[in-house]
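Asker: the following block contains a protein sequence and its predicted model.
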There are 2 protein chains.
Amino acid sequence: MTIISAEVPASGRARRASGLRSEATILQAAERVFAERGFKGASMSEIAAAAHMPKPNLHYYFGTKEALYRAVLTDILETWLGEADAFVPDGDPAQALGSYVRAKMRWSRERPHASRVFANEVLHGALFIGPYLSDDLRRRVEQKGKVIEGWIRGGRMARVDPRALFFMLWAMTQTWADFAVQVHAVLGVADLSEAAYDAITEEVVAFALRGCGLDADGRPPAT
Amino acid sequence: MTIISAEVPASGRARRASGLRSEATILQAAERVFAERGFKGASMSEIAAAAHMPKPNLHYYFGTKEALYRAVLTDILETWLGEADAFVPDGDPAQALGSYVRAKMRWSRERPHASRVFANEVLHGALFIGPYLSDDLRRRVEQKGKVIEGWIRGGRMARVDPRALFFMLWAMTQTWADFAVQVHAVLGVADLSEAAYDAITEEVVAFALRGCGLDADGRPPAT
DNA sequence: GGCGTGTTTGACCGAACGGTCAATATGTTC
DNA sequence: GAACATATTGACCGTTCGGTCAAACACGCC
């Protein structure tokens, strides 16, 4: 994650416990507000209010609004990659793809704000994380894509373009966080219970596995 | 679409040709700028510049920024619904789902700005189109969902929750417009050629059909 | 060719926002 | 407990932005 430069203030400073706590509080509040309003739509005052502290504190810890936004993005990308590594090449395809999809679904459930900030950033041109996308993420996709191509050559799953597959999996899993409002509106509910979300997760897993030409039990395709 | 109230100026006015032209130009420019910057991020000055006219013109035709935004959304929703009706219940499931997915993919290709404005709106809480989502869209999904349930009961496709299916199909098709920057970055290209996009379209169609337990030729599932 | 309505334009206003500063409070270290 | 660095705060500043206004322009009809 070295691509995203911006970091917390001077690293060599003797931080105090309250300072670290304040910083974490600000980051959390900022993630929520950026998710709800977008970068431009979010105001430093609103973030400050959400963090229960006066505005200059934010500038004290992060300097500028842009730096704060970068810090939020860095934080998000780190966990995003963590989940991304749920994709383990050993075992059969159904196993690997299934747990990958489940990990992504869990991430959408547990960090919906993070997902929305990320979506908003990409939607508006990825001005800040562009380099990361075309370097780090690209390498990872290429790498995992090779594994999938191996499975396809071995007749262990249907012929699917690996890159296209990843885009579809990301879309199918992140939509539950990013477009939650639409989901709730169409389903006519105010929120999704844990049980309902788990059921949806299994729907997505089953759909994705079938899409790859695999049953839930991981039987290879007829083709 | 009566839910979205805002409309062009006084209806009873004797419009002139140049006026209608200006209005259309503004709408088009606004769609692009709103897509790139979001609602808050877009400034009336930038839209005016994009439309090659001074700022007061926008207020003359649409009153406020919010009204202009509503007009853009209304325009988008109309075409979105048009494509949505590509889902025809006659014929076999593979035929219906296939052309639905193709229509959605075509929409993402031809009106990427519209897709992004829509995505941004939902992402940030659907403050303007919320009522539309829970009324009009909800009814449509329920309706088409019944058709799908019929197919499932008839053993003509795999058991998939119809609502979940629609969310996944929307996600899988709109991601190519909304996250185009990510797609380009990961693929390492500046743009997708028509041919490349057509190939992706077929990947998505095949994946979706298999996900529903259908081959490309529409053979019903073994289950 | 003049008159009225639709249209275009530059100059201007108040509010909101990002950011700064100087002053104060709080810990930590010796 | 004195001295110093960290942390917190209220008041303030310049800029940007949405919106307005009054004046000018252009088209169509008699």
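Answerer: Perfect, I can see it now.
Asker: can you map out the strands along chain A?
Answerer: For chain A, strands defined by DSSP state E do not occur.
Asker: so which bits of the helix-or-strand element of it with minimal mean pLDDT are buried?
Answerer: In chain A, no helix or strand scores lower on mean pLDDT, DSSP states H and E than helix A:65-84, which sits at a mean of 91. Neighbour-count burial for helix A:65-84 flags A:65, A:67-77, A:80, A:83-84 (criterion: 16 or more other CB atoms under 10 Å in any protein chain shown). The way it works is simple: take the backbone N, C-alpha and C, and place the C-beta from them, glycine included.
Asker: which non-adjacent residue is nearest residue A:162?
Answerer: residue A:145 (3.4 Å; CB to CB, 6 or more residues apart in numbering or on different chains).
Asker: who's in contact with that neighbour?
Answerer: Going by CB atoms under 8 Å, 6 or more residues apart in numbering or on different chains, residue A:145 touches A:162, A:163, A:166.
Asker: burial count for the first one?
Answerer: A total of 17 residues lie near residue A:162 under the criterion other CB atoms under 10 Å in any protein chain shown.
Asker: that one contacts residue A:148, correct?
Answerer: Yes: look at residue A:162 against residue A:148 with CB atoms under 8 Å: they come within range, at 4.2 Å.
Asker: identify the contacts common to these two.
Answerer: Between them, residue A:162 and residue A:148 share no contacting residue, judged by CB under 8 Å, 6+ apart.
Asker: the longest helix seen in chain A near DNA strand D at all?
Answerer: The single longest helix within chain A, with elements called by DSSP state H, is helix A:17-41. Yes: judged by CB under 7 Å from any atom of the strand, helix A:17-41 and DNA strand D are in contact via A:18, A:19, A:20, A:22.
Asker: need the helices for chain A, in chain order.
Answerer: Using DSSP H, helices in chain A cover A:17-41, A:44-50, A:55-62, A:65-84, A:93-110, A:112-123, A:130-132, A:138-153, A:162-178, A:180-187, A:194-211.
Asker: in the fifth one, which residues are buried?
Answerer: It stands for helix A:93-110. Neighbour count says helix A:93-110 has A:93-94, A:96-98, A:100-105, A:107-109 buried, by 16+ other CB under 10 Å.
Asker: same thing with the second one?
Answerer: By neighbour count, and taking 16+ other CB under 10 Å as the criterion, the buried residues in helix A:44-50 are A:44, A:46, A:47, A:48, A:50.
Asker: those residues: which ones sit near DNA strand C?
Answerer: Answer for these near DNA strand C (CB under 7 Å from any atom of the strand): A:44, A:46.
Asker: which one of the buried residues of helix A:44-50 sits closest to chain B?
Answerer: residue A:46 (11.7 Å; CB to the nearest CB).
Asker: which of the buried residues of helix A:44-50 are close to chain B?
Answerer: Near chain B, taking CB under 8 Å from any CB of the partner chain as the test, no member of those is found.
Asker: tell me which of the buried residues of helix A:44-50 is nearest to DNA strand D?
Answerer: residue A:48 (8.9 Å; CB to the nearest atom of the strand).
Asker: check contacts around residue A:119.
Answerer: Per CB under 8 Å, 6+ apart, neighbours of residue A:119: A:174, A:178, B:119, B:123, B:178, B:179.
Asker: how close does it sit to DNA strand C?
Answerer: Distance from residue A:119 to DNA strand C, counting by CB to the nearest atom of the strand, to the nearest Å: 20 Å.
Asker: need phi/psi at residue A:125.
Answerer: In terms of degrees, to the nearest 10, the main-chain angles of residue A:125 are phi 100, psi 0.
Asker: circling back to that earlier point, quick check, pLDDT for the residue nearest to residue A:162.
Answerer: We have a pLDDT of 94 for residue A:145.
Asker: swap in residue A:91?
Answerer: On the pLDDT scale, residue A:91 is placed at 78.
Asker: residues from chain A in reach of DNA strand C?
Answerer: So chain A meets DNA strand C at A:16-18, A:42-46, A:55-56, A:59, A:63-66 (CB under 7 Å from any atom of the strand).
Asker: ok, which pair from those is furthest apart?
Answerer: Within those, A:17 and A:43 form the most distant pair, 28.5 Å apart (CB to CB).
Asker: which one's more surrounded, the two?
Answerer: residue A:43 (14 against 7).
Asker: how far away is that one from residue A:37?
Answerer: Distance, residue A:43 to residue A:37, using CB to CB, to the nearest Å: 8 Å.
Asker: do the same with residue A:64
Answerer: 17 Å.
Asker: neighbours around whichever residue of chain A sits closest to DNA strand D, how many?
Answerer: Nearest residue of chain A to DNA strand D, counting by CB to the nearest atom of the strand: residue A:19, 2.1 Å away. Residue A:19 has 16 neighbouring residues, counting by other CB under 10 Å.
Asker: what is the neighbour count of residue A:147?
Answerer: Around residue A:147 there are 16 other residues, counting by other CB under 10 Å.
Asker: that one and residue A:90 touch, don't they?
Answerer: No: counting by CB under 8 Å, residue A:147 stays clear of residue A:90, with 9.5 Å between them.
Asker: mind listing the shared neighbours of those two?
Answerer: In contact with both residue A:147 and residue A:90: residue A:96, using CB under 8 Å, 6+ apart.
Asker: the contacts of residue A:119: which ones sit near DNA strand D?
Answerer: With CB under 7 Å from any atom of the strand as the criterion, the contacts of residue A:119 include none near DNA strand D.
Asker: of these, closest to DNA strand C?
Answerer: The nearest member of the contacts of residue A:119 to DNA strand C, counting by CB to the nearest atom of the strand, is residue B:123 at 18.4 Å.
Asker: where's residue A:21 relative to residue A:57, distance?
Answerer: In terms of CB to CB, residue A:21 sits 12 Å off from residue A:57.
Asker: what do you get for residue A:214?
Answerer: In terms of CB to CB, residue A:214 sits 51 Å off from residue A:57.
Asker: which one of those two has more residues nearby?
Answerer: Taking other CB under 10 Å, residue A:214 and residue A:57 do not tie; residue A:214 has more neighbours (25 against 17).
Asker: pLDDT wise, what is the residue nearest to the more buried one when sequence neighbours are not counted at?
Answerer: If you skip the residues right next to it in sequence, residue A:214 has residue A:94 as its closest partner in space, 4.5 Å away by CB to CB, 6+ apart. pLDDT for residue A:94: 94.
Asker: shouldn't residue A:94 be in contact with residue A:215?
Answerer: Yes: counting by CB under 8 Å, residue A:215 is a contact partner of residue A:94 at 7.4 Å.
Asker: what sits in contact with each of those two?
Answerer: residue A:209.
Asker: chain A - how does it break down into domains?
Answerer: A:17-71, A:85-211 (automatic domain parsing).
Asker: run a quick check on residue A:182 versus residue B:123, I expect a contact.
Answerer: No: the criterion here is CB under 8 Å, and residue A:182 misses it with residue B:123 at 9.4 Å.
Asker: quick one: low-confidence ranges for chain A?
Answerer: Within chain A, the segments meeting pLDDT under 70 span A:1-13, A:216-223.
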